[in-house]
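Engineer: when you get a sec, could you give me coordinates for this:
(2 chains)
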Amino acid sequence: MSRVAPFLVPDPDAVRPEPWHRLINSGTEPLPEILDGWDYATDLTLVRRIHIDIDRVYSSAELPAEARLGIVVTWQAAGSNLSGATAVHLVDDDVIDVVAELSGGDLGARVQLATRLVLAAPVEHAGPGTASAAGSILYEDSYGVTLLGDLAQFPIAVVDFAAAGLDQDASIVVEIDADPDTPVLAGVLLLLNSRDQQLVRAASSPGADPLDQLLASQIGEHVTRELLTYATRHSEQLATVDWEPGSIGAVCVALAGQVERVHSVVDLAGMELERPTLFQSVVVGEARRNGIGRQLG
Amino acid sequence: MSVLWPRLPEASAAAIYDNLAISGLVSDPAIQHAAQIFAATGGRRANDDDVRAVRNLIVEAAARHGFPSSDDPRQLISFDRDLAPKLVGRMGVVPAEAASKSVWSFLALVVAPDVTMWRFGAQNRERWICTDLTRHMFSRLWWQAYLLTNPTSEGRDTSILDQLNESELNQLLERTRLGGNRELVQAVARAVLGAPDDVARRDLIREVSLRTLRRMAHTEYSALDEAQLGAEIDRTLQQVIEALRMG
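Structural biologist: Have a look, this model is predicted:
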């Protein structure tokens, strides 16, 4: 816990939580930072074991014997900022197994889990500097899960560009959410013009036809170019934050970091400004080196 | 299971809004748009009947409060309070879907542009194109009702929501660490609504919210039972009242 509490807290290693796991049909699996295949209809049952040196908690936090401890898990969904919590699990043993049941419909593209050791009831005879109010946070840790997956799965929509207010002779538009913290599946939308039937066919079921393959490869190059352009336009913001895995910001920073001749989004932005022709060639070249787009012999 | 509502891509939303902002004219309401898309999975798609039913809900509520001819501010507010719980009851969306901004843009720009124009006019973009859930014409109503009303056998208990004005709602819900927690934000609202009236409620809400947020740094309110939470918020309220009375 990095913040300073107005009361004594236990030695940090008096509470040792194990990693989160997720209940699945065949048992449990480690809860990854990015959980693919999730949607609103997918509820999550999460479990973790927590080891608590109870004597050491009481002694290092100078808690009286009457103090009751509890574990509570809270969650907060990105996008809506809706939050909730499990019931308080009273600490009556050195090993606690906590279960958090999360309704899929309450969650969002990303959910932050906090596990907290708290006072489960007020303490009447607390000494000076000792926690006394119910809910006082004695220990906490945090874990974030991105519930919508990676770049390869971002949504594609086929729309009538003219009806959508776009240029009817264009074929591809990439919409990217203005907030880099948004997970890519929630924040990147590829629009294909329904008028370009060959492109739509190539995107949905590319076959052996060389033209279909060429068209499909152009989509990937286009998306990479738009993400790198987004990176240059938001370079200062992107450079100053550690973005959550699977977020637009994280993907953009990672892409920019792989670009030859630059080391950061800020360098990339400088290239676009000072050497725009080089920038044009670099963004396509970078896509192709990542296996996206038409490969040269 | 959630109902998945049509989503209007940002480019389409911007094109529609830019036209109406320049011309001052709204397009005819519709229940579909050629550019609409849906979330891929997670529920059943809203059909034409669903969209039409919500359109009717919106228009009927507006008509009860002066639409289209009256722009009395009191009637506009009473329209908000009338419609909010009905949106929650009829749309069938889960919070995760309700957090999708493009759903609300669809509702304002395609389904009920006439009512949106009546309520807010054309010049405030964020009322039409949802960029902030607490500011948009319809998303703010849904979330106000979701967070500050409770289901009953006959619909929803709106006793807390009905007593708060827009400014007070903004103070509570725009502070998302507080406003996103239903139990906590309702406890704060109930405490403030029960306070003596010699202290301005706006000041009470602001100060109680700020103190509660500060205390959240070292107090987990979700760990408190209803009685403990009420006592804790009341303690904060009394401290604020005392401080405000002293000037």
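Engineer: buried sites along the longest helix along chain B?
Structural biologist: The longest helix of chain B (DSSP state H) is helix B:226-246. Across helix B:226-246, burial judged by 16 or more other Cβ atoms under 10 Å in any protein chain shown covers B:Gln228, B:Leu229, B:Glu232, B:Ile233, B:Asp234, B:Thr236, B:Leu237, B:Val240, B:Ile241. Backbone N, C-alpha and C define where each C-beta goes, glycine included.
Engineer: what's the nearest residue to the last one if we skip its chain neighbours?
Structural biologist: This points to B:Ile241. B:Val199 (5.5 Å; Cβ to Cβ, 6 or more residues apart in numbering or on different chains).
Engineer: quick one: residues contacting that neighbour.
Structural biologist: Counting by Cβ atoms under 8 Å, 6 or more residues apart in numbering or on different chains, B:Val199 makes contact with B:Ile241, B:Leu244, B:Arg245.
Engineer: how about a cut-off of 10 Å?
Structural biologist: B:Val199 makes contact with B:Val192, B:Glu207, B:Leu237, B:Val240, B:Ile241, B:Glu242, B:Ala243, B:Leu244, B:Arg245 under the criterion Cβ atoms under 10 Å, 6 or more residues apart in numbering or on different chains.
Engineer: between those residues, which sits nearest chain A?
Structural biologist: Ranked by distance to chain A (Cβ to the nearest Cβ), the contacts of B:Val199 are led by B:Leu237 at 15.6 Å.
Engineer: grab the nearest non-local neighbour of that closest one.
Structural biologist: Per Cβ to Cβ, 6+ apart, closest to B:Leu237 is B:Ala191, 4.7 Å.
Engineer: dihedrals phi and psi, that neighbour?
Structural biologist: Phi and psi for B:Ala191, reported as degrees, to the nearest 10, are phi -60, psi -50.
Engineer: surely it meets B:Thr236?
Structural biologist: Yes. With contact defined as Cβ atoms under 10 Å, B:Ala191 and B:Thr236 form a contacting pair (7.9 Å).
Engineer: run a quick neighbour tally on A:Glu101.
Structural biologist: Using other Cβ atoms under 10 Å in any protein chain shown, A:Glu101 has 12 other residues around it.
Engineer: quick one: contacts for the residue of chain B found nearest chain A?
Structural biologist: Of all residues in chain B, B:Ala15 sits closest to chain A, at 2.4 Å by Cβ to the nearest Cβ. Contacts for B:Ala15 (Cβ under 10 Å, 6+ apart) come out as A:Ala163, A:Ala164, A:Gly165, A:Leu166, B:Pro9, B:Ala35, B:Leu109.
Engineer: now a PyMOL select for only the buried ones of those residues.
Structural biologist: The PyMOL selection below is limited to those of those classed as buried (16+ other Cβ under 10 Å):
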select buried, (chain A and resi 164+165+166) or (chain B and resi 9+35+109)
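Engineer: the contacts of B:Ala15: which two are farthest apart?
Structural biologist: Maximum pairwise distance among these (Cβ to Cβ): 15.5 Å, between A:Leu166 and B:Leu109.
Engineer: re earlier: adding pLDDT, write the buried residues of helix B:226-246 out as JSON lines.
Structural biologist: Below are the buried residues of helix B:226-246 laid out as JSON lines (pLDDT from 0 to 100):
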{"residue": "B:Gln228", "pLDDT": "93"}
{"residue": "B:Leu229", "pLDDT": "95"}
{"residue": "B:Glu232", "pLDDT": "94"}
{"residue": "B:Ile233", "pLDDT": "96"}
{"residue": "B:Asp234", "pLDDT": "96"}
{"residue": "B:Thr236", "pLDDT": "96"}
{"residue": "B:Leu237", "pLDDT": "97"}
{"residue": "B:Val240", "pLDDT": "96"}
{"residue": "B:Ile241", "pLDDT": "96"}
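Engineer: would you convert those residues into a markdown table that also reports distance to B:Asp132?
Structural biologist: Conversion of the buried residues of helix B:226-246 to a markdown table gives the following (distance: Cβ to Cβ, whole Å):
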| residue | distance to B:Asp132 |
| --- | --- |
| B:Gln228 | 33 |
| B:Leu229 | 28 |
| B:Glu232 | 30 |
| B:Ile233 | 27 |
| B:Asp234 | 31 |
| B:Thr236 | 27 |
| B:Leu237 | 28 |
| B:Val240 | 27 |
| B:Ile241 | 31 |
